[in-house]
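One predicted model, sequence on top.
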Amino acid sequence: MLLTGLLITVLTGGAVATAGLLQLKDLENDLQKHGHQATFSSGTIAPTQSGKPQTILLVGSDHRYADGKADARSDTIMLLRINPKASAITLLSIPRDLAVEIPGRGRAKINESYSLGGLDLTARTIKDLLSTDSERFHINHAVATTFGGFVEAVNEIGCVYVDVDRRYYHTNAGLPVSEHWSEIDVRAGYQKLCGTKALEFVRFRHLDNDIVRAARQQGFLRAAKDQLRSAGVFNHLRPLARIFARATETDGDLQTAKGILRLAKILVGSSGKPVRQIRFPATFELDGAVTQAGQQIVTTGLGSYVSATPQQIHGVVEEFLHPGPVKKIRAKPVTKRERRARTSSSSSLKDQLQTGRDMVAAMPSRPATRMRVYVPAKITAKGNYPASTDIAPNPRRYVIKDDDGNEHAAYRLTVVEDESKGQFYGVQGTTWRDPPILAAAHQTKRIGGRTFSLYTDGGKLRMVAWQTPKAAYWVSNTLSLDLTNREMLDIAASLTRARPSR
């Protein structure tokens, strides 16, 4: 479960800073009246200083605070780093099945630390995991939240527009209880997700792994941040504070006016920075598995889990605490003829123009969904178009409404890169020319007579967009950003108008 309840409240920093002392005092009263304060051992939480970077631990659980913590395990563990002097706000998701040493408890999966000792033990476990002999890792705030808070907060801000990479579907009808999962039916394509649908989307884990799910959650956080930054949340401040307080358990500093002001100060300086997801370098392990040499791995009692070496962990901590500068994507201006030659000679791509055109010609249409459709002449060597029965349908034509209720035509073309790992990318088009997703920070490059907007994450392209006088189009990378920058640029440059084949 995603801990957006905290992030949404945190990102009201600008509103808090300008609200005035009276409203700030009311905010403090709401947090103390409705909130839940966690107890921490000495030294678990590092004191914060005004204007200094802060690291916040976010933990998601399915329990209600009135019920205690018996049998409650964390569903999501995430670290948020806010540093006004850094190039980005960084997010690090820690896999819930990561094998670690829990202080005083021994080796177990990290999500068990919450049920064994709440936020305090979870924070101490993470500090031990991410610390080195020369440098101790510090956590300045810790927050746990529940399902209900997430649903309420998303609805309070008017839902979130999300670029959904594939169809997420599962029904328990006709299945034995042992195969029951949370039911969900979210189609592929850019769309508005409200409370329960948003929760189903970020929690989905039936056909992918913790790493992919973490990337999907971080993508949702980025969408929420960009949307809030452009729309403003001043009018939502008090309701969000109450939602946040009722659904969360925090350290005491986040329930005081001074603590809120310290956080607000660094948020004002970081409000325009991109959110960068840091990938945790985990490896899937299975107890009792046989190695290629035929040797039996010693059983640990953990079942299936993930692991990481100390060197890998040290590297990810460095990237989390000290993100490098935003890398510029270099793309020399080329002519249309050079663009065609470039895409046709790219060894990592294959020609699929006719396939794309045939699929578009076969997809149903109605007046409200009619628009000029572009398909890629080239897709990745591993990529393929799944059957319409799998994507329901592919491509998908539909209507999307903006915040003013105006309807816009839209379509989504989905490509499978690696289904076993939950990796899908695609092409989106809509007559809504300025959706929130395009308001995020980006570069622009001229390629083959078109001006593309390039949206990056840690130097890797996550989206390449192109606007015409009547519509907007973009190519979305997989959740784990598997496509290279060259592949993303070449696919976007090869976008060709789809006409019915003759």
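Cool, the structure landed. Numbering: from 1, shown residues only.

CA atoms only for the lengthiest helix in the chain - export them in CSV, please.
Taking DSSP state H as the criterion, the chain has its longest helix at helix 210-231. Extracted C-alpha coordinates of helix 210-231, given in CSV (Å, rounded to 0.1, in the frame of the first residue of the first chain):
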residue,chain,number,x,y,z
ASP,A,210,8.2,-6.0,-5.5
ILE,A,211,10.6,-4.1,-7.7
VAL,A,212,8.1,-3.4,-10.4
ARG,A,213,5.4,-2.6,-7.9
ALA,A,214,7.7,-0.1,-6.2
ALA,A,215,8.4,1.6,-9.5
ARG,A,216,4.6,1.8,-10.1
GLN,A,217,4.1,3.3,-6.7
GLN,A,218,6.8,5.9,-7.2
GLY,A,219,5.3,6.8,-10.6
PHE,A,220,2.0,7.5,-8.8
LEU,A,221,3.8,9.7,-6.3
ARG,A,222,5.4,11.6,-9.1
ALA,A,223,2.1,12.1,-10.8
ALA,A,224,0.5,13.3,-7.6
LYS,A,225,3.3,15.7,-6.9
ASP,A,226,3.2,17.3,-10.4
GLN,A,227,-0.5,17.6,-10.3
LEU,A,228,-0.6,19.2,-6.8
ARG,A,229,2.2,21.6,-7.8
SER,A,230,0.3,22.9,-10.8
ALA,A,231,-3.1,23.0,-9.2
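
What's the first helix or strand after that helix?
Next along the chain after helix 210-231, taking DSSP states H and E as the criterion, comes helix 237-247.

Pairing partners for whatever helix or strand comes next after that next one, with directions?
Note on helix 237-247: by DSSP H and E, the next helix or strand toward the C-terminus is strand 248-250. Using DSSP bridges, strand 248-250 pairs in its sheet with strand 36-37 (parallel), strand 141-145 (antiparallel).

In TSV, list the ones you listed along with mean neighbour count.
Any C-beta I mention is one placed from the backbone N, CA and C, and that applies to glycine too. Putting those into TSV (neighbours: other CB atoms under 10 Å) gives the following:
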stretch	mean neighbour count
strand 36-37	14
strand 141-145	25
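
can you list the ones you listed in a markdown table and add distance to residue 380?
Output for the strands paired with strand 248-250, formatted as a markdown table (distance: least, CB to CB, whole Å):
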| stretch | distance to residue 380 |
| --- | --- |
| strand 36-37 | 48 |
| strand 141-145 | 38 |
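
want to throw those strands into JSON lines with distance to residue 478 and mean pLDDT?
Converted to JSON lines, the strands paired with strand 248-250 look like this (distance: least, CB to CB, whole Å; pLDDT from 0 to 100):
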{"stretch": "strand 36-37", "distance to residue 478": "38", "mean pLDDT": "88"}
{"stretch": "strand 141-145", "distance to residue 478": "28", "mean pLDDT": "88"}
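
any idea whether the nearest residue to residue 468 once chain neighbours are set aside is helix, strand or coil?
Nearest residue to residue 468, sequence neighbours excluded (CB to CB, 6 or more residues apart in numbering): residue 372, at 7.6 Å. Secondary structure state of residue 372, per DSSP: H, G, I helix; E, B strand; the rest coil, is coil.

buried set for the longest helix of the chain?
210-229 (16 or more other CB atoms under 10 Å).

For that helix, enumerate the helices and strands it packs against.
helix 4-10, strand 74-82, strand 89-94, strand 160-164, helix 195-203, strand 275-278 (3 or more CB pairs under 8 Å, 6 or more residues apart in numbering; DSSP states H and E).

Quick check: the residue nearest to residue 468 touching residue 471?
Yes - taking CB atoms under 8 Å as the definition, residue 372 is a contact partner of residue 471 at 6.4 Å.

about what we covered before: any idea of the pLDDT on the residue nearest to residue 468?
If you check residue 372, the pLDDT there is 95.

cool, residue 26 as well?
pLDDT, read off for residue 26, is 75.

Count residues in the vicinity of the nearest residue to it once chain neighbours are set aside, would you?
Excluding its sequence neighbours, the residue lying closest to residue 26 (CB to CB, 6+ apart) is residue 238, at 6.9 Å. For residue 238, the neighbour count with other CB atoms under 10 Å is 14.

Number the chain from 354, please
Will do, 354 is the new start, and the previous item becomes residue 591.

Now find how far off-centre stretch 790-808 is within its chain.
On the basis of CA atoms, centre = their mean, to the nearest Å, stretch 790-808 sits 21 Å off its chain's mean C-alpha point.

With stretch 463-481 instead?
23 Å.

send the alpha carbons of it over as PDB?
Output in PDB follows, covering the C-alpha atoms of stretch 463-481 (Å, rounded to 0.1, in the frame of the first residue of the first chain):
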ATOM      1  CA  ILE A 463      12.200  -6.800   6.600                       C
ATOM      2  CA  ASN A 464       8.400  -6.400   6.600                       C
ATOM      3  CA  GLU A 465       8.300  -8.500   9.800                       C
ATOM      4  CA  SER A 466      10.100  -5.800  11.700                       C
ATOM      5  CA  TYR A 467       6.900  -3.700  11.800                       C
ATOM      6  CA  SER A 468       4.700  -6.400  13.400                       C
ATOM      7  CA  LEU A 469       7.600  -7.300  15.800                       C
ATOM      8  CA  GLY A 470       8.300  -3.800  17.000                       C
ATOM      9  CA  GLY A 471       6.400  -1.100  15.100                       C
ATOM     10  CA  LEU A 472       7.900   2.000  13.600                       C
ATOM     11  CA  ASP A 473      10.800   2.000  16.100                       C
ATOM     12  CA  LEU A 474      12.100  -1.500  15.200                       C
ATOM     13  CA  THR A 475      11.500  -0.900  11.500                       C
ATOM     14  CA  ALA A 476      13.500   2.300  11.600                       C
ATOM     15  CA  ARG A 477      16.400   0.700  13.600                       C
ATOM     16  CA  THR A 478      16.400  -2.200  11.100                       C
ATOM     17  CA  ILE A 479      16.700   0.100   8.100                       C
ATOM     18  CA  LYS A 480      19.400   2.200   9.800                       C
ATOM     19  CA  ASP A 481      21.500  -0.900  10.500                       C
END
